[in-house]
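S.K.: Dropping the sequence and predicted coords here.
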Amino acid sequence: MKKFLSLALLSSLLFVGINANAQGGNKPPEDKSKRPSPPAMASATTSDGVTIKIDYSQPSVKGREIGKDVEPMKDKVWRTGANEATVFEINKDVTINGKKLPAGKYGLFTIWNGNTWTVIFNKTWNQWGAFKYKSADDVLRVDVPSAPPASASEKMTFTVGNDGMVSLAWGNVGFDFTVK
């Protein structure tokens, strides 16, 4: 009787495992380029050999007012993009506007304060949005002035210059900081 029960239990577990696998265990990877806010990357290598990479998703303005109808909402932590948290990666220890940041990968978050932005480099980079953001994981915060782009940008866009200048432009809002 014990053998029969053991065999029945094993068969049931095997059937459940096969059924679960057939219902989605082998999904093809998501094509992120088909998202409404597609992925983008900005990168450059400075003359000092610092490689700067920013991996993010590009939300569009779509006629909405930034800060009112769509992120970033004033005085709140924002993932600085869409979908997964924006990832900022450097291959060497650097300074950001004169403040030290060790080499590594960081979640790039911001707080828009109207005339200024707080740029946050957080050790938890692999997360969706800012839902699990914890200020205790911040490695560095830098306040920078608002720097509206010369012309409005429909899609949020980061640029990284060979001089280490990092800029964000989205709609009529933006900011810059320097990596050295």
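M.R.: Alright, I've got the coordinates.
S.K.: switch to C-alpha atoms for all contacts and neighbour counts from now on
M.R.: Will do.
S.K.: residue contacts, the closest residue to residue 118 other than its chain neighbours?
M.R.: Spatially, and ignoring its direct neighbours in sequence, residue 118 is nearest to residue 143 (4.4 Å; Cα to Cα, 6 or more residues apart in numbering). Residues in contact with residue 143 (Cα atoms under 8 Å, 6 or more residues apart in numbering) are 116-119.
S.K.: Please name the nearest non-neighbouring residue to the residue most central in space within the chain.
M.R.: Taking Cα atoms, centre = their mean, the centroid of the chain lies closest to residue 86, which sits 1.3 Å from it. Spatial nearest neighbour of residue 86, chain neighbours left out: residue 56 (4.6 Å); criterion: Cα to Cα, 6+ apart.
S.K.: Count residues in the vicinity of that neighbour, would you?
M.R.: The number of residues packed near residue 56 is 26, by other Cα atoms under 10 Å.
S.K.: one step back: so what sits opposite the residue nearest to the centre of the chain in the bridge?
M.R.: On the basis of DSSP bridges, residue 86 is bridged to residue 108.
S.K.: where does it land on pLDDT?
M.R.: The model reports residue 86 with a pLDDT of 95.
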